[in-house]
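[1] sequence first, then the predicted structure, then my questions.
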Amino acid sequence: MKKILIIIVFLGVATGCRKGYFDNIPKDLVSTDVIFKDKTETENWLASVYSYIIDPWSTTTGSARYWANFTEELELNSASLQASGILSPVTTVNIWTSNYQGIRMANIFMANIENSETNLLKEPNGEELIGQYKGEARFLRAYYYWTLMKLYGPVILVGDKVARYDDDFQLPRNSWSECIDYILAELDAAQEMVPDKHLTAGGTEDATQTGRINKLVIDAVKAQVLLFDASPLYNGNPDYADYKNPDGKQLMNTIYDAGKWAKAAAAIKTAIDHAKANGKNIFKQSNADPFVAAFMSYRDLFTTGWSTEGIWTRANTAYSAWENDAAPRAANGNSFNASLVMPQEFVDKFRMINGKAINEAGSNYTETGFTATAKAGYYVAGTSNMYVNREPRFYNIVTFNGATVPFVAKSGQTHVQFWPAGNSGNANGSEPKFPKTGYLVRKHTNPSRNLSNNSGNIVRPAMYIRLGELYLSYAEALNESDPSNPAILEHLNAIRTRGGIPELAGSFTQDEMRKFIQMERCIEMAYEGCRFFDVRRWKIANTPEGRQGGDFTGVNVYAGTGLTDPDFYAKTRTSTRNWDNKYYIFPVPQSELNKNFAMVQAPGY
């Protein structure tokens, strides 16, 4: 029987940075018998397997910015069903369907690519290409399983078989351990099949292959899988003692295995060493002023530094839409949405320039008064002392009242004004585009961009995994497996000093170091899709450091008449969030359970 399927066809492999391996255009119904006889169509199918990887900067379900809506990184909005207390199998986030579609597409590809009539075999390196392409598809299949597991817990492993319409789809979940073992085995197998680098005919790294899977990407993903597997949510969690299949099979690990942390540390170190061998480093800029150097290093990491620090990148991204959503009305043009709104609780996580938390003795933090001195390029005179002498990343990540406009400013404007009659306040303009907490996200914006005519634009990839994340993961895994290891401070301090705060020195308890590492990861990896999963795998949603429920606040954007009016800075409740421990794992969509009666729902739903 002819296998007729809808094919999502992508622009060819050698399309450059403007269009990448993740871009697609639709094509008519065609037969797989025809597709896999043709080299171009075979490569187009592989590109369609890649298509299920989400752009981190887009608004799409499953993107980094989408996950931020479920954490204290962003102010509560309608997307955050969990925080609203209405998360259920009917309203849940659905990446289940699309990821299993990606798994199926990968299986079809691997089952058909070795068609003996394909003209891939006529290529001088035809057999090598077939092996490489199968390796990429094999990795992607494992990665889609992994993406599902991070959200839903144990999943259903369907193997290599391409399912038919008359197959038995009443399948139970595999256990977490079975899923982990399968994914790691698949990653190992795929790693043998893909190149270490994608090179041009001349032997240089091929920029047109940005995002294609290589051995380093697989090392980095293996490191992440093992880190999660060692973490408290999945490693010896008694809360899931009753999480079982109908036949009584235990689905989650309820007995703690300390050895998993050592395995994770070894895998992360392998990935770091591999990255350095491939020329990757922690990106830094130089300047005579250490504060400016730290500020520029973190800002430019996302515009140009990705080529130095990025391990798995994506060429074509929605960075432009992200910038529009981060823009206050003081920015030139009309392409502003002011929808990336940050609550006070996340603002308060940033340390002072001396590295101390704002509530820590000796931090020199004050919420009263206003500075008489401007800091050129950062804020103007009259800015609240709350925003003075903060760590450099604060000024990269937060747009606050008195801050320099994050883009080319409207004529005559020098700083952001969030009070009602200010240039970006709620009473200025015909649309209510203003942050209700008094803060916008500034990260991943380009100060030279003019939103009026798009001049000064910097086209840049997104980073799915970067070396800075691996450094923090390594420090974490070592602290849990070998807490006296000096490499913990070495790797943690590399991120702290790049961020512009002092090194940690001396001796610390394991718990003290754990909190240092978790806070550093919270700040360094903000809005990159980590926080949502970190607060879960650490099981800290009910702690002061990771609180996800209760009241969240901002300043009073409906009061005040100027930059130095104290009424504007009065702490104001902006939302109340609900947290239930069942939210550590999300429910599978009810529509999927209605089709598969052998699959149990996540606990509590």
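    Sure, I can see it.
[2] quick one, helices of the stretch 201-350 of the chain?
    Remark: helices assigned in the stretch 201-350 of the chain by DSSP state H, counting those that start in this stretch are 215-230, 259-277, 290-301, 306-309, 319-326, 344-347.
[3] okay, the ones you listed in CSV with mean pLDDT next?
    Converted to CSV, these look like this (pLDDT from 0 to 100):
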stretch, mean pLDDT
helix 215-230, 98
helix 259-277, 98
helix 290-301, 98
helix 306-309, 96
helix 319-326, 94
helix 344-347, 98
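[4] ranking the ones you listed by burial, who's on top?
    helix 215-230 (a mean of 24; mean count of other CB atoms under 10 Å). Yep, even glycine has a C-beta here, placed from its N, CA and C like the rest.
[5] so what does that helix touch, helix or strand wise?
    Judged by 3 or more CB pairs under 8 Å, 6 or more residues apart in numbering; DSSP states H and E, helix 215-230 is in contact with helix 126-152, helix 176-191, helix 259-277, strand 310-314, strand 462-466, helix 467-481.
[6] what residues does that helix touch?
    Identification of contacts with helix 215-230 by CB atoms under 8 Å, 6 or more residues apart in numbering yields 139, 143, 146, 150, 176, 180, 183-184, 187-188, 190-191, 194-196, 234-235, 257, 260-261, 263-264, 267-268, 270-271, 274-275, 278, 280, 311-312, 465, 470, 473, 476-477, 480, 533, 537.
[7] how big is the angle separating it from strand 310-314?
    If you take axes from the mean of the first three to the mean of the last three CA atoms, to 10 degrees, helix 215-230 sits at 100 degrees to strand 310-314.
[8] sketch out the low-pLDDT regions of the stretch 101-250 of the chain for me.
    For the stretch 101-250 of the chain, applying pLDDT under 70 flags the ranges 116-118, 165-166.
[9] excluding chain neighbours, what is closest to Asn426?
    Phe434 (4.6 Å; CB to CB, 6 or more residues apart in numbering).
[10] and that neighbour, what pLDDT?
    Per-residue pLDDT puts Phe434 at 92.
[11] so it touches Gly554, yeah?
    No: contact criterion CB atoms under 8 Å: Phe434 and Gly554 do not qualify, at 11.2 Å.
[12] and the residue nearest to Asn426, how many neighbours?
    A count of nearby residues for Phe434, using other CB atoms under 10 Å, gives 25.
[13] how much space separates it from Asp239?
    Per CB to CB, to the nearest Å, Phe434 is found 41 Å from Asp239.
[14] then Gly506?
    Counting by CB to CB, the gap from Gly506 to Asp239 is 36 Å.
[15] who has more neighbours, these two?
    Asp239 (16 against 5).
[16] for the stretch 451-600 of the chain, which segments count as strands?
    462-466, 550-554, 572-577 (DSSP state E, counting those that start in this stretch).
[17] given the first one, what are its sheet partners and their directions?
    Spelled out, it's strand 462-466. Next to strand 462-466 in the sheet, as set by DSSP bridges, lie strand 310-314 (antiparallel).
[18] and for the longest one?
    Paired neighbours of strand 572-577 in the sheet (DSSP bridges): strand 550-554 (antiparallel).
[19] go through the strand it pairs with and flag the buried ones.
    Phe552, Thr553, Gly554 (16 or more other CB atoms under 10 Å).
[20] same check, this time on stretch 333-348
    Under 16+ other CB under 10 Å, the buried positions of stretch 333-348 are 333, 335-336, 338-347.
[21] ok, which pair from those residues is furthest apart?
    Across the buried residues of stretch 333-348, no pair lies farther apart than Gly333 and Glu345, at 31.2 Å, counting by CB to CB.
[22] what strand or helix carries the closest residue to Tyr298 other than its chain neighbours?
    Among residues not flanking Tyr298 along the chain, Asn396 sits closest, at 4.8 Å (CB to CB, 6+ apart). Per DSSP states H and E: Asn396 is located in helix 392-397.
[23] quick one: contacts of that helix?
    For helix 392-397, using CB under 8 Å, 6+ apart, the contacting residues are 291, 294-295, 298-299, 350, 353, 378-379, 387, 403, 441-443, 499-500, 523-524, 526-527.
[24] and those residues, which of them are in helices?
    The helices, defined by DSSP state H, take in Phe291, Ala294, Phe295, Tyr298, Arg299, Gly499, Ile523, Glu524 from those.
[25] just these now: which is nearest Ala318?
    The closest of those to Ala318 turns out to be Arg299 (CB to CB; 19.3 Å).
[26] now for Glu178, how many residues are close by?
    If you count neighbours by other CB under 10 Å, Glu178 ends up with 15.
[27] that one reaches Val155, doesn't it?
    No: Glu178 is beyond contact range of Val155, at 9.8 Å (criterion: CB under 8 Å).
[28] of the contacts of helix 392-397, just the buried ones, ChimeraX syntax please.
    In ChimeraX, this line selects whichever of the contacts of helix 392-397 come out buried by 16+ other CB under 10 Å:
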select :291,294,295,298,299,350,353,378,379,387,403,441,442,443,499,500,523,524,526,527
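[29] wasn't the residue nearest to Asn426 part of a strand?
    No: looking at Phe434 with DSSP: H, G, I helix; E, B strand; the rest coil, it is coil, so not inside a strand.
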